[in-house]
Structures are given as C-alpha cells and as structure tokens.
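1. what follows is a predicted protein model with its sequence.
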Amino acid sequence: MKNLLIKAVRFYQKHLSPVKKTPCCRFYPTCSAYTIEALEIHGALKGSFLGLWRIIRCNPLCKGGFDPVPQKQTKVCPRRKK
C-alpha cells in the first residue's frame, strides 16, 4: 500500500505539478516530497495523515518555512526496580 501511495505522489510530481498555475510550495521540503518521506518513515496510514495535514496547512494564511517530517518515535519501557 505504501509503495502504491508513493507512486501516486511521484506521478503527481512528474505529470501534474508542472502544469499548476502556482508551482511554488510555501514549505521546505515541498508538500509532495514531505508526503513521500512521511510514507517511507511512518508507513501508509500515519504517513498519509501527515501528508494530508501538511497539504491542509499549505495555504495563504500559513507562513510556511522549514518543516521536516517528524522522526519515528520509539517506545522505551522503563526498567523495573527489583
């Protein structure tokens, strides 16, 4: 599923993005690059959610700027005291 979503974003990058009237993204990395990285790090479900949330925030009311994909959190269990 993850690979299919990444292919869909790459199709958008190659064929649809170049013909947009406003080709610039307010963020770095671009929303499509962010989505691909989110899918690779977090998988299909959470990566899709992160990508969609980024696209929602990419609007004239948002300042934009550098916005990296959050790294995957690892759960650390505290050691039990004996």
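-> Nice, thanks for sending it over.

2. all contacts plus neighbour counts: C-alpha atoms, from now on.
-> OK.

3. any low-confidence regions in the protein?
-> For the chain, applying pLDDT under 70 flags the ranges 23, 80-82.

4. mind listing the helices for this protein?
-> Under the criterion DSSP state H, the chain contains helices at 2-11, 31-57.

5. for residue 68, find the nearest of these.
-> Smallest distance to residue 68 across the helices of the chain (CA to CA): 7.3 Å, for helix 31-57.

6. tell me how far residue 16 lies from residue 10.
-> Plainly put, residue 16 is 10 Å away from residue 10 if you go by CA to CA, to the nearest Å.

7. these two: who's more crowded?
-> For the pair residue 16 and residue 10, the greater number of neighbours falls to residue 10 (16 against 11), based on other CA atoms under 10 Å.

8. coming back round to it: determine which stretch of the helices of the chain is the most buried.
-> Of all those, helix 31-57 carries the top mean neighbour count, a mean of 18, counting by mean count of other CA atoms under 10 Å.

9. list the helices and strands that helix packs on?
-> Packing partners of helix 31-57 (3 or more CA pairs under 8 Å, 6 or more residues apart in numbering; DSSP states H and E): helix 2-11.

10. pretty sure residue 40 contacts residue 47?
-> Yes: counting by CA atoms under 8 Å, residue 40 does reach residue 47; the two are 7.4 Å apart.

11. check contacts around the nearest residue in space to residue 69 that is not next to it in sequence.
-> Leaving aside its sequence neighbours, residue 69 sits nearest to residue 38 (CA to CA, 6 or more residues apart in numbering; 6.0 Å). Counting by CA atoms under 8 Å, 6 or more residues apart in numbering, residue 38 touches 46, 47, 48, 50, 51, 69, 70.
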